[in-house]
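# sequence and predicted structure below; questions after.
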Amino acid sequence: MNRIIKTAVTVLASLATLSAMAEDDDKSKASIQVEAAPPVNPTESVVEGNDPARPVATDSGEVLTTVPGVSGSRLGGHGLEPYIRGQSQNRINVLIDGGNVYGACPNRMDPPTAYVAPTMFDKITVIKGTPEGLMLGSGATGGTVLFEREAPGFTEPGQSEGKAGVGYRNNGNVKSMFADYAMGGPKRYLRFLADHQDADNYVDGDGNEIRSAFTNSNFATVFGYSPDAMSDLKLDLDLTRGSDILYEGAGMDTPETSNNMLKLKYDRRVSDGWVKKWSLQANHSDIHHVMDNYSLRTPPAMASMWMEVPSDSRTSNIRLTTDLATSGDTDWSAGVEYRYNNRDATRYSGATLSDINSYMWPDVRQGEAGLFTSYKAQLGERARLNLGGRLDIVSAEAAKANATTSAPMTLNPNALYNLYYGQSAAPVSENNVSLSAKYERDFEESPSTWFASLSRVTRTADATERFMAANGMTTDMRWIGNPGILPEKHNELELGIMNKMQGGSFGGSVFYNRVNDYILRDRAHGQTGILQNDDANIYRNVEAELYGAELEGNVNWSRVWGSRLTAAYVVATNTTDDRPIAQIPPLEVTASLDYGQAKWKWGGKVRLVAAQTRVDDDPSTGSGLDLGPSEAFSLLDLYGNYQISKRSILSFGVDNAFNVTYAEHLNRYNPMDPTPVKVNEPGRSLWFKAVMEL
C-alpha cells in the first residue's frame, strides 16, 4: 500500500510540474480555469446531475459515493446501495423530484437510486443528518437525497435548448447515451429526457470476471405551465426499464424490472394574507421486479431448487406545504402529507415454479400521515435559529400473514412469527414524534460560521424489518421480520464549522447519535424476546450509538491550480451487547489536484481507505453480516477534459490507474446462502464522455 501511495503522489507531482512548465511557457494564455472554491456546508452537498466532466457512472448510487460521508455497497454492476454516515435503506429518504420511491426487491437489488439516471436531473442534493430534513419526510435518520429538475427559464415564445452525450468505459464495455431537449416559452414548456446504458461483466484488478452485466433505460416527459406570474404547474412521467441484470453477490439475477412514476406539482404564490405560498404535490410509483436463479445463470441441478420471486412495490403520496406570512426576521412553514406503500413478494420454487415457498413480503401495507412545521428566525446580525417538528401517524399490516405455503417443509408468515417471537402479525399503529433545533452564529471578525444542532427523530420499521417471512432449507437461511418491533428513536448532537476565505473554503462537523430501540438485524441466539437459538436471521431492538466526523476543504493555489481534501469517519456500536454494528464503512480520505488553463483541464485524485477491524462477523455469537475484517487500500484516478467549442466538451480519464484488486468493506447478504458476499470492484477502467449542447 505504501508503494501505491508513493507512486500516486509522484504521478500527481509530475502532473503539477509539467503543467507549471506549460504555464510558464505561455503565461499570456493563462486564465482563471479552476473555479472559485464554493462554501462548504458539512451537512449538505450539491452535485450537478449531468456534470459533463464526471466519469461514466452506472447509476446514481455510484455518483453519490463521491460525496464525503456517503459510501456504497455493491451486488453487481447496477443498483449500488448508498450509505450516509453508516446508515442505509429506509434510514435514508430518496425523493425523485419530490416523489417517494421504494424498491421492489426484498434483497435490495433495486434501491430507489437504481431507478434514477443522474443525467436526467439538474442537481442532486445530499442532506446529511436530520435537522434539515424533517420537512421533507419521516424517518430520515441518516439523511435525505433529493433529485431535482428545474424549469428551462425561457423568456420568449418559441425557444428551445438541449444537450446530448455519449460515454464509454472499457472495463465492462459500458456504453451510455443520453438526450435532454426542452422547447416552449415563458408560460409553457415541454421537456423530453432519455438515458440508456448497456454493460457486460467487468473484471477486477486480478482479471477475474465479475457478474455485473445489465441493460437499463430511462425516459421522462415533463410539461410545465405558468398561467400567470403567481402560479406554476408541472406534470412529470418517468419510465424505467431494466433487463438481464446480473449479480455477483446474490443467489439470483434480475431478468426484468420496471418503474412507472407519475408526479404532479402545483405552486401558488399569494400577494397578501397570512399565506405567502402554498404547494400541492401528488406522486405515484409502480415498480415490478422479477428475480430468479435459472434464466440468466446455470440453473441448480435439482429442479426443486429452482426459484423465482416476482414482486411489486406501489407507492402513493400527496403533500401540501405552506409558507406563512411572518415578520422580516422569521420564516414559518407548515405542511401535511400522506404516504402509502404496498409491497408484495412471493417466492415460488420447484420444477414448474408453482410451489409457494415463501411470502417474503406478505402483501405488506403501510400508511403514514405526517404533520410537520419549520420555524427560522434571525437573531441579531450574526445568529440564526431553525426549529422543526413532525408527527407521523403510522399504520401497517400484512394482509397475507395467514396465507398457506405449498412447498414441502415450509411455514407461512404467522407460523414463522410465532416460532421466533411468540406473536402473529396484528395490525400496527404508532404515533411518532420528531423534533430538531439548529443554532448558527457567524464569527465577528472572520468569514466563518459555527453551528450546533440537536434532534430526536423517530423511525418506524419498514416492510422487511416488520414482516419479512422467508423460509430456508436450513434454519440459518430463514429470514423473519418482527411484527412487534418498536420504532427507533435517534437522539443526535452535531457541532460544525463553515469557513469561506480568500482562495479557499473548508467545513467540518462531528456528531454523536444515541439510539433507543435501534432495529438490529441479528441471528436467533435465544436473546430476550427471541424464542429460538438456531441462527435464523431475525430483528430485535437494542440500544446503540453512532458517532463520527467529516471534513472537506477546497483551495485555489493560483489562477490555474486547485485542490480538494475530504475525510469521513463513523463508528457504530450495539451497546446492549457491547459489540460493533455490522456494515459500517471505515475511515476514508481523498485528495485531488486540478489544473486548468485555456481549453484544457487535468487532474488526479487519490483515495485512501483504512482497514476496518470493528466487525460483527460471527453468526454463532452475533449477526455475521460482516465478511470479516477488510484490508486498507489506496487508489489513483486521473482525468481531464477539453472544451472543443462553446457547446461541446470531451472528457476522459483512467479510474483505478494502478489496477488495484480491492473490495469495499460493505458487503451484501445472500438469502440463498447464509454466507455474506463481498464483491470486488472494477480494475483499471479507461473512459471517455462527449457532451454537446444543442
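Sure, I can see it. Numbering: from 1, shown residues only.
# what helices or strands is the helix or strand residue 63 falls within leaning on?
Following DSSP states H and E, one finds residue 63 within helix 60-64. On a contact count with 3 or more CB pairs under 8 Å, 6 or more residues apart in numbering; DSSP states H and E, helix 60-64 meets strand 70-73, strand 81-84, strand 123-128. Just so you know, the C-beta spots here come from the backbone N, C-alpha and C atoms, and that holds for glycine as well.
# residues touching the second one, excluding its own?
With contacts defined as CB atoms under 8 Å, 6 or more residues apart in numbering, strand 81-84 is touched by 61, 64-65, 69-75, 88-89, 91-92, 108, 111, 113, 126, 128, 142-143, 145, 583, 585, 666, 668.
# let's see that with 6 Å instead.
For strand 81-84, contacts defined as CB atoms under 6 Å, 6 or more residues apart in numbering pick out 61, 64, 70-73, 88, 92, 108, 111, 128, 142-143.
# tell me where the stretch 101-250 of the chain has helices.
In the stretch 101-250 of the chain, no helices are defined using DSSP state H, counting those that start in this stretch.
# residue 116 versus residue 261, what's the distance?
Going from residue 261 to residue 116 by CB to CB, to the nearest Å gives 10 Å.
# over to residue 530?
Noted for residue 530: a distance of 37 Å to residue 116, by CB to CB.
# so the two - more neighbours on which side?
A side-by-side neighbour count of residue 530 and residue 116, using other CB atoms under 10 Å, places residue 116 first with 28 against 19.
# for that one, which non-adjacent residue is closest in space?
residue 60 (4.3 Å; CB to CB, 6 or more residues apart in numbering).
# please name the nearest non-neighbouring residue to the residue nearest in space to the middle of the chain.
Nearest to the mean C-alpha position of the chain, counting by CA atoms, centre = their mean, stands residue 82 at 3.8 Å. Closest residue to residue 82 apart from its sequence neighbours, by CB to CB, 6+ apart: residue 64 at 4.7 Å.
# go ahead and confirm that neighbour touches residue 70.
Yes - using CB atoms under 6 Å, residue 64 is in contact with residue 70, at 5.0 Å.
# so where is this protein shaky, pLDDT-wise?
Filtered on pLDDT under 70, the chain yields the residue ranges 1-39, 131-133, 671-675.
# show me where the stretch 401-550 of the chain has helices.
With DSSP H, counting those that start in this stretch as the criterion, the stretch 401-550 of the chain has helices spanning 413-421, 463-467.
# next one: the shortest one to chain centre, how far?
Which is helix 463-467. 20 Å (CA atoms, centre = their mean, to the nearest Å).
# and if you look at stretch 76-92?
5 Å.
# quick revisit: out of the helices and strands packed on helix 60-64, flag the one nearest residue 47.
Nearest to residue 47, of all the helices and strands packed on helix 60-64, is strand 123-128, at 4.5 Å by CB to CB.
# the closest one - contacts with which helices or strands?
strand 44-48, strand 143-148 (3 or more CB pairs under 6 Å, 6 or more residues apart in numbering; DSSP states H and E).
# can you tell me the strand partners of that strand and which way each runs?
strand 44-48 (antiparallel), strand 143-148 (antiparallel) (DSSP bridges).
# okay, those in a markdown table with distance to residue 226 next?
Below are the strands paired with strand 123-128 laid out as a markdown table (distance: least, CB to CB, whole Å):
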| stretch | distance to residue 226 |
| --- | --- |
| strand 44-48 | 25 |
| strand 143-148 | 18 |
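# give me whichever of those strands is most buried.
strand 143-148 (a mean of 23; mean count of other CB atoms under 10 Å).
# please identify the buried residues of stretch 318-328?
Across stretch 318-328, burial judged by 16 or more other CB atoms under 10 Å covers 319, 321, 322, 323, 324.
# now distance to residue 515 and secondary structure too, for those, in TSV please.
Shown next, in TSV, are the buried residues of stretch 318-328 (distance: CB to CB, whole Å; DSSP: H, G, I helix; E, B strand; the rest coil):
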residue	distance to residue 515	secondary structure
319	27	strand
321	29	strand
322	32	strand
323	33	strand
324	33	strand
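# for those residues, which one is nearest residue 688?
Among the buried residues of stretch 318-328, and counting by CB to CB, the member closest to residue 688 is residue 319, at 41.2 Å.
# which residues touch the closest one?
For residue 319, the contact set (CB under 6 Å, 6+ apart) comprises 281, 337.
# residues in a beta bridge with it, which ones?
Beta-bridge pairing for residue 319 (DSSP bridges): residue 281, residue 337.
# what separation do you get for it and residue 352?
45 Å.
# how about residue 62?
Counting by CB to CB, the gap from residue 62 to residue 352 is 39 Å.
# which two among the buried residues of stretch 318-328 are spaced furthest apart?
Those two in those that are separated most widely, counting by CB to CB, are 319 and 324, at 16.4 Å.
# next up, phi/psi of residue 151, please.
phi -70, psi 150 (degrees, to the nearest 10).
# list the buried residues in stretch 405-421.
Result for stretch 405-421 [16+ other CB under 10 Å]: buried residues 405, 407, 410-417, 419-421.
# same check on stretch 484-497?
In stretch 484-497, counting by 16+ other CB under 10 Å, buried: 484, 485, 486, 487, 488, 489, 490, 492, 494, 496, 497.
# what lies in contact with that stretch?
With CB under 6 Å, 6+ apart as the criterion, stretch 484-497 contacts 42, 129, 141, 421, 423, 430, 432, 450-461, 465-466, 509-519, 539, 541.
# ok, now with 7 Å
Contact with stretch 484-497 is made by 42-43, 129-130, 141, 421, 423, 430, 432, 448-461, 465-466, 507-519, 539, 541, as judged by CB atoms under 7 Å, 6 or more residues apart in numbering.
# now stretch 626-642, how far from the centre of its chain.
19 Å.
# what's the span of it, first residue to last?
Separation of the first and last residues of stretch 626-642 by CA to CA, to the nearest Å is 43 Å.
# so which bits of that stretch are buried?
Residues of stretch 626-642 classed as buried by neighbour count (16+ other CB under 10 Å): 626, 627, 630, 633, 634, 635, 636, 637, 638, 639, 640, 641.
# and of the buried residues of stretch 405-421, the nearest to residue 649?
residue 413 (54.1 Å).
# next, the contact list for the closest one, please.
Contacts of residue 413 by CB under 7 Å, 6+ apart are 359, 362, 398, 400, 401, 425, 467, 469.
# mind doing that once more with 10 Å?
Going by CB atoms under 10 Å, 6 or more residues apart in numbering, residue 413 touches 358-364, 398, 400-403, 405, 424-425, 467-471, 480-481, 483.
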